[in-house]
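[1] I would like the atomic coordinates for the input below:
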Amino acid sequence: MERYIEKFIRYLEIEKNYSAHTILNYKLDLKGFRRFLGETAIEKADYLLLRKYLAALKERNLGARSMGRHISCLRSFFKFLTREGILKQNPILVLSSPKIDKHLPQFLTEGEVTRLIEEAIPKDERGMRDRAILETFYSTGIRISELVGLNLEDVDFISGVVKVRGKGRKERMVPIGEMAIAAIRAYVEGRTSQAHEIFLNRHGRRLTDRGVRLIVGKYIRLTSLKRGVSPHTLRHSFATHLLDRGADLRCVQELLGHANLSTTQIYTHLTTERLKSVYDKAHPRA
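    From the prediction side, this is the model:
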């Protein structure tokens, strides 16, 4: 079993080019599955055994999303084993995944975004950095992991585009607005460090995900914005505001780096909800 897991992980790293985060989760999930199997060989795994495994997971009070990830991991693993000829039949094909409720992502109004960004006053190096972070988040809609990974050579200051390394180590080019470009340039030119990383902590090293969350959280508190606002909320706001102003759904998908259009379509629900709200308030017989 251990040998099969190692072979599968190498396949994910080399051939599928999965992100380090996904690979770590799959390793942990398969480690748990191996413990569950005990002395039972993987070749003996059948539908009934998999049902017992899911029941054991459910006893741990895992949510539908976590259960879905475990099943997704096993689907990929058994598909790999079947393709490699290790298993003659794939026992997981008839196993159904739990239905995951799609929650509408929270977003800020255009006025709230402006308040949040302008709370970071660029009067010193830290203020310039924080303003650049907030401007970049809203201007590009990139993920927090993508933002902290940015280097100076990734930003084309003349053309106004940024090279972003997204999920699965996939690269994409994203437009960046003039205000974000100006904020980044002011920060880089005004700081003491000559590092090639864009966003640095007080020790002159690359900011971490946690560091950025703390920075954004600070300005959320200062502006007294609603609870549940995070760096990802700016990504949601970016997508929602683009669609509100008539952007094409496919274009927004490309900008966000979504592999599937269905992931982007959740933002159409947000704009629909807003339209309904306006209708209810404005129509005399609503």
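
[2] in this structure, which helix has the most residues?
    Longest helix in the chain by number of residues (criterion: DSSP state H): helix 64-83.

[3] Report the contact partners of the spatially closest residue to residue 2 that is not a sequence neighbour.
    Nearest non-adjacent residue to residue 2, counting by C-beta to C-beta, 6 or more residues apart in numbering: residue 34, 7.2 Å away. For the C-beta atoms, the positions are set from N, CA and C on the backbone; glycine is no exception. Residues near residue 34 by C-beta atoms under 8 Å, 6 or more residues apart in numbering: 1, 2, 5.

[4] Verify the contact between the last one and residue 30 for me.
    Yes: if you go by C-beta atoms under 8 Å, residue 5 and residue 30 touch, sitting 5.0 Å apart.

[5] Quick check: neighbours shared by the two?
    residue 77.

[6] neighbour-wise, which of these two wins?
    residue 30 (22 against 17; other C-beta atoms under 10 Å).

[7] Looking at the more buried one now. What's its pLDDT?
    Note on residue 30: pLDDT of 94.

[8] Mind jotting down where the helices sit in the stretch 1-150 of the chain?
    2-14, 20-37, 47-58, 64-83, 110-119, 125-140, 144-148 (DSSP state H, counting those that start in this stretch).

[9] got the angle for the third one vs helix 20-37?
    Spelled out, it's helix 47-58. 110 degrees (axes from the mean of the first three to the mean of the last three C-alpha atoms, to 10 degrees).

[10] Pull out the buried residues from the longest helix of the chain.
    66-67, 69-71, 73-74, 76-78, 80-82 (16 or more other C-beta atoms under 10 Å).

[11] Can you add pLDDT and distance to residue 214 and give those back as TSV?
    Shown next, in TSV, are the buried residues of helix 64-83 (pLDDT from 0 to 100; distance: C-beta to C-beta, whole Å):
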residue	pLDDT	distance to residue 214
66	81	26
67	83	31
69	85	27
70	88	31
71	88	34
73	92	31
74	93	36
76	93	34
77	94	36
78	94	41
80	94	39
81	93	43
82	93	45
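
[12] Nearest to residue 277 among those?
    residue 66 (32.7 Å; C-beta to C-beta).

[13] show me the contacts for that closest one.
    Listed by C-beta under 8 Å, 6+ apart, residue 66 has no contact partners.

[14] Show the contacting residues for residue 249.
    243, 261, 264, 265, 268.

[15] Just give the closest residue to the first one, not the sequence neighbours.
    When you say that, I think you mean residue 243. Once flanking residues are discounted, residue 243 sits nearest to residue 271: 5.0 Å by C-beta to C-beta, 6+ apart.

[16] any idea how far the one you found is from residue 4?
    Distance check for residue 271 against residue 4: by C-beta to C-beta, to the nearest Å, it reads 46 Å.

[17] hmm, back to that, what is the nearest of the contacts of residue 34 to residue 45?
    Of the contacts of residue 34, the one sitting nearest to residue 45 (C-beta to C-beta) turns out to be residue 1, at 9.9 Å.

[18] did I read that right, the residue nearest to residue 243 in a helix?
    Yes: applying DSSP: H, G, I helix; E, B strand; the rest coil, one finds residue 271 inside a helix.
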